[in-house]
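Participant: Sequence first, predicted model second:
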Amino acid sequence: MLTLVNTNRMVPPIAPVGLDYVAATVRDAGFDVELIDLCLADDPKTYLADYFRRRRPSLVGLSFRNVDDCFWPSGQSFVETLIDDVRTIRGLTDAPIVLGGVGFSLFPRRLLELTGAEFGVHGDGELAVVELLRQIHGRRRWERVPGLLYRAGGTIHANPPAWPKTVSVPGHRELVDNELYFRRGGQIGVETKRGCARGCIYCADPLTKGRAFRLRPPSDVVEEVQRLVERGIDVLHLCDPEFNLPLAHAKAICDELIRRGIGRRVRWYAYLAVVPFSVELARQMRRAGCVGIDFTADSAHPALLAAYGHAHTAEDIDKAVRACRENQIAVMLDMLLGGPGESPKTVEHTIRAFQRIGPDCAGAALGVRLYPGTAVAETARREGRCSANIRRLYHGPTDLLRPTFYLSAALGDRPAALVRELIGTDERFFPPEDPQIGPAEAGGASHNYNQNKRLLDAIEVGARGAYWDILRRLPRT
Ligand code: B12
């Protein structure tokens, strides 16, 4: 038997969709699966102790989603909690432990070393866990398990990442209490594909999910959506980093939602790249149930857009926002301020351009989280790890496992204050928190969803939707 453990306790809670997918595949392969959901447990330690007193699984799988909150001004890391969870479970059972999840896939070797777990899976969990269970009950040929990190002869071995070309996931979402997550978290995730072929300099997706688009058949995705809707879960967030890549797949998903009449019964949100986008796509998405889009706009300045590796221009952002407006789709623009070459002038350029373009809201993220293997981390390495462009809140040597950001030195000692001043009183923006003055000063306007009290309160009294769409409607304090 396999016991899966959700270690992500962040609230508002996000249902661990990855564990639902892994569990469904493992069950279909004939193994029993149970879940320990630490996010829903009042007292995780007692819950774990009670569970392992009663059950003796042959494998315990821990999912690790968020390495940290990814926000420079707060920089909250969750690595210590993971280490502690593994230590606790290790004291309660002899079963081998396997780690997985997107957070694990960002730092597989380091996390295996730090936690002392027997195994880890870099990449997709479904086929890997099935094969691992087979090998545990069979000939222990660890080299046969896709994406597996394992210990042998005193070292850690790593099989090539598990990125199967086609993603075939049974969409019966039975392991996780999705109804409860929907009530407490305001929306439920569904994935239509994995991987990304784009070359944005900061993005971790190609490292965790692969450099090619790996598609789920649209009929599978829509069946999954239909099942969720039948359970009363009718507000969804797509888990694709960019729904419109590749464009044909996005259209096929929309067509299928429209064809089956689901578009009228569900409201969904998605992240999108600014290009390719068009009025036609907006219309089709709206008919398919889309009510909100968060575009990866990042900047409106040509030098920064080029530095980030983006294919779009400020004009494309403008067109995309207008296409959404014409189709009653709410729109958020994500900003990524502080990348290579950013200066007070380029920041001002972007803020003024976004103000002219006029989205419903814009999130001013400040600082680019550095992950090993990304082009921007390489730039930072070349500049020297002690470069003034690297910012972090911890002491000691630079360690990318801890929240570490590229934030152009040209923005001075108080970059958040600079951005906040340029935004002024424009309430369409979620301004960055200033580490020097703390979250209170952000006027309750932070779009860091970690322990976000305003969001939690709004969801409790019935708000549903993408978090930015809930937050933008709340009065500022
Ligand atoms: C969609 C999304 C969101 C949506 C979620 C909507 C929803 N209802 O699900 C929203 C906008 C709410 C969101 C919020 C946040 N997010 Co987010 N999100 C994503 C995104 C794009 C997809 C996540 C997802 O569900 N994928 C689909 C599932 C199926 O994939 P998966 O979880 O990886 O699971 C697979 C494997 O990892 C593996 N696996 C999973 N568990 C296990 C367990 C075992 C034992 C094994 C072997 C394998 C395994 O198998 C699964 C199937 O193949 C990812 C980027 C990405 N592409 O992963 C970022 C990402 C996970 N988010 C991130 C962050 C930082 C956050 C926030 C913390 C931001 C913030 N401060 O507010 C919050 C956290 C919210 C929370 N409570 O946890 C970061 C984490 C990086 C980091 N530094 O830690 C990511 C990677 C984006 C990024 N590159 O910055 N997010």
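Facilitator: On my side now, so go ahead. Numbers count the residues shown, from 1 in each chain.
Participant: Now do the contacts for Val26.
Facilitator: Counting by Cβ atoms under 8 Å, 6 or more residues apart in numbering, Val26 makes contact with Leu2, Val33, Glu126, Val129, Val130, Leu133. For glycine as for every other residue, the C-beta is placed from the backbone atoms N, C-alpha and C.
Participant: looking at the sheet around whichever residue of the stretch 51-200 of the chain sits closest to the ligand, what are its partners?
Facilitator: Taking Cβ to the nearest ligand atom, the ligand has its nearest neighbour within the stretch 51-200 of the chain at Gly100, 2.0 Å off. Counting by DSSP bridges, Gly100 forms beta bridges with Ser63.
Participant: how many other residues sit next to it?
Facilitator: Gly100 has 30 neighbours, counted by other Cβ atoms under 10 Å.
Participant: how far away is it from Tyr150?
Facilitator: 13 Å (Cβ to Cβ, to the nearest Å).
Participant: Give me the buried positions along stretch 130-145.
Facilitator: Val130, Glu131, Leu132, Leu133, Arg134, Gln135, Ile136, Trp142, Val145 (16 or more other Cβ atoms under 10 Å).
Participant: Could you verify that the third one is part of a helix?
Facilitator: Right, the one you point to is Leu132. Yes: membership of Leu132 in a helix is supported by DSSP: H, G, I helix; E, B strand; the rest coil.
Participant: The stretch 151-300 of the chain: strands as residue ranges?
Facilitator: Using DSSP state E, counting those that start in this stretch, the strands of the stretch 151-300 of the chain run over residues 155-158, 188-190, 193-194, 214-215, 235-238, 267-272, 290-298.
Participant: Just tell me which of the ones you listed ends up closest to the ligand.
Facilitator: The nearest among those, by Cβ to the nearest ligand atom, is strand 188-190 at 2.4 Å.
Participant: neighbouring strands for that closest one, and are they parallel or not?
Facilitator: Paired neighbours of strand 188-190 in the sheet (DSSP bridges): strand 235-238 (parallel).
Participant: Assign Gly61 to helix, strand or coil.
Facilitator: Classification of Gly61 by three-state DSSP places it in strand.
Participant: Quick check: closest non-adjacent residue to Ala212.
Facilitator: Nearest residue to Ala212 in three dimensions, chain neighbours excluded: Gly195, at 5.2 Å (Cβ to Cβ, 6 or more residues apart in numbering).
Participant: give the contact list for that neighbour.
Facilitator: Going by Cβ under 8 Å, 6+ apart, Gly195 touches Trp163, Asp205, Pro206, Lys209, Gly210, Arg211, Ala212, Phe213, Arg214.
Participant: filter these down to the ones near the ligand?
Facilitator: By Cβ under 6 Å from any ligand atom, the members of the contacts of Gly195 lying near the ligand are Asp205, Lys209.
Participant: Just the buried positions in stretch 184-198, please.
Facilitator: Burial within stretch 184-198, assessed by neighbour count using 16+ other Cβ under 10 Å, is assigned to 184-196, 198.
Participant: distance between the ends of it?
Facilitator: One end of stretch 184-198 sits 34 Å from the other (Cα to Cα, to the nearest Å).
Participant: Pull out the buried residues from stretch 394-401.
Facilitator: Thr398, Leu400, Leu401.
Participant: quick one on the thing from earlier: for the residue nearest to Ala212, grab phi and psi.
Facilitator: Note on Gly195: backbone dihedrals following degrees, to the nearest 10 are phi 90, psi 160.
Participant: so where do the helices sit in the stretch 151-300 of the chain?
Facilitator: 178-185, 205-209, 218-230, 247-259, 279-287 (DSSP state H, counting those that start in this stretch).
Participant: any chance of these in a markdown table, plus mean pLDDT?
Facilitator: Formatted as a markdown table, the helices of the stretch 151-300 of the chain follow (pLDDT from 0 to 100):
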| stretch | mean pLDDT |
| --- | --- |
| helix 178-185 | 98 |
| helix 205-209 | 97 |
| helix 218-230 | 98 |
| helix 247-259 | 98 |
| helix 279-287 | 98 |
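Participant: follow-up on the earlier one: buried ones among the contacts of Gly195?
Facilitator: Trp163, Asp205, Pro206, Lys209, Gly210, Phe213, Arg214.
Participant: quick one: which of those residues is nearest to Phe354?
Facilitator: Nearest to Phe354 out of those is Asp205 (Cβ to Cβ; 24.1 Å).
Participant: My understanding was that that closest one contacts Cys239; is that so?
Facilitator: No: counting by Cβ atoms under 8 Å, Asp205 stays clear of Cys239, with 11.2 Å between them.
Participant: The stretch 1-150 of the chain against the ligand: which residues are in contact?
Facilitator: Within the stretch 1-150 of the chain, the positions lying close to the ligand (Cβ under 6 Å from any ligand atom) are 8, 10, 13-14, 17-19, 21-22, 61-63, 65-71, 98, 100-103, 105, 121, 124-126, 128-129.
Participant: what's the farthest-apart pair in the buried residues of stretch 130-145?
Facilitator: Using Cβ to Cβ, these span at most 14.2 Å, a distance reached by Val130 and Trp142.
Participant: So the protein: which segments form each domain?
Facilitator: For the chain, automatic domain parsing gives the domain ranges 2-158, 178-367+407-471.
Participant: so how far is the last one off the chain centroid?
Facilitator: Read that as domain 178-367+407-471. 11 Å (Cα atoms, centre = their mean, to the nearest Å).
Participant: go on, stretch 459-473?
Facilitator: From the chain centre to the centre of stretch 459-473 is a distance of 18 Å (Cα atoms, centre = their mean).
Participant: Sort out which residues of that stretch are buried, please.
Facilitator: Quick answer for stretch 459-473 (16+ other Cβ under 10 Å): Ile459, Ala463, Arg464, Gly465, Ala466, Tyr467, Trp468, Asp469, Ile470, Leu471, Arg472.
Participant: Arg267 is in contact with the fourth one, correct?
Facilitator: I take that to be Gly465. Yes: the criterion here is Cβ under 8 Å, and Gly465 meets it with Arg267 at 7.1 Å.
Participant: any shared contact partners between the two?
Facilitator: In terms of Cβ under 8 Å, 6+ apart, Gly465 and Arg267 are both contacted by the residues Val235, Val291.
Participant: Which ones among the residues of the stretch 1-150 of the chain next to the ligand map onto helices?
Facilitator: Using DSSP state H, Val17, Gly18, Leu19, Tyr21, Val22, Val102, Gly103, Ser105, Glu126, Ala128, Val129 are the members of those that sit in helices.
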